[in-house]
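A.B. asks: predicted model and sequence follow; I will ask about them next.
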Amino acid sequence: QLQLVESGGGLVQPGGSLRLSCAASGFTLNSAAIGWFRQAPGKAREGVSCISSSDGSTYYADSVKGRFTISRDNTKNTVYLSMNSLKPEDTAVYYCAAQRFCGASLIFGSWGQGTQVTVSS
């Protein structure tokens, strides 16, 4: 059964850094595109970044471009989201999901618990 578990969130000051992890079980991570999404209170879930399965191409929302980096460790079956220069507006619950391709409207399986990221002084 396909399962993704997010971890690594926490409380960080503006300008700080965090690295989120998305650990997969039940399938090989590089067989699907993996996207990171976030949902802030009162707002819709939005796509943040994605790494494709075919050639490892990466994509970023304009709001995080230059600050966030997505990467994949096939030996650990884990995708990471390194977040630098964090801003209060990055505060949200972050989720990862497997998709057929980056930008797809559907995900494989269901949403996990997510991991809370809070950027505050």
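C.D. replies: Right, received. Where do you want to start?
A.B. asks: if the nearest residue to Y94 once chain neighbours are set aside is in a bridge, with which residues?
C.D. replies: Nearest residue to Y94, sequence neighbours excluded (CB to CB, 6 or more residues apart in numbering): R38, at 4.8 Å. All C-beta spots, glycine's among them, are computed from the backbone N, C-alpha and C. Per DSSP bridges, the residues bridged to R38 are E46, Y94.
A.B. asks: contact partners for the spatially most central residue of the chain?
C.D. replies: For the chain, the residue nearest the mean C-alpha position is W36 (2.5 Å; CA atoms, centre = their mean). Going by CB atoms under 8 Å, 6 or more residues apart in numbering, W36 touches 20, 22, 47-50, 70, 79, 81, 94-96.
A.B. asks: let's see which of these end up in strands.
C.D. replies: Judged by DSSP state E, the subset of the contacts of W36 located in strands is 20, 22, 47-50, 70, 79, 81, 94-96.
A.B. asks: just the closest of the residues you listed to C102, please.
C.D. replies: Nearest to C102 among these: C50, at 3.7 Å, using CB to CB.
A.B. asks: next, count neighbours for the closest one.
C.D. replies: Residues lying near C50 (other CB atoms under 10 Å) number 24.
A.B. asks: list the contacts for it?
C.D. replies: Listed by CB under 8 Å, 6+ apart, the contact set of C50 reads 33-36, 58-59, 70, 99, 102-103.
A.B. asks: please tabulate those in JSON lines, including the columns secondary structure and pLDDT.
C.D. replies: Listed next are the contacts of C50 as JSON lines, based on DSSP: H, G, I helix; E, B strand; the rest coil; pLDDT from 0 to 100:
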{"residue": "A33", "secondary structure": "strand", "pLDDT": "96"}
{"residue": "I34", "secondary structure": "strand", "pLDDT": "96"}
{"residue": "G35", "secondary structure": "strand", "pLDDT": "97"}
{"residue": "W36", "secondary structure": "strand", "pLDDT": "98"}
{"residue": "T58", "secondary structure": "strand", "pLDDT": "97"}
{"residue": "Y59", "secondary structure": "strand", "pLDDT": "97"}
{"residue": "I70", "secondary structure": "strand", "pLDDT": "98"}
{"residue": "Q99", "secondary structure": "strand", "pLDDT": "95"}
{"residue": "C102", "secondary structure": "coil", "pLDDT": "95"}
{"residue": "G103", "secondary structure": "coil", "pLDDT": "91"}
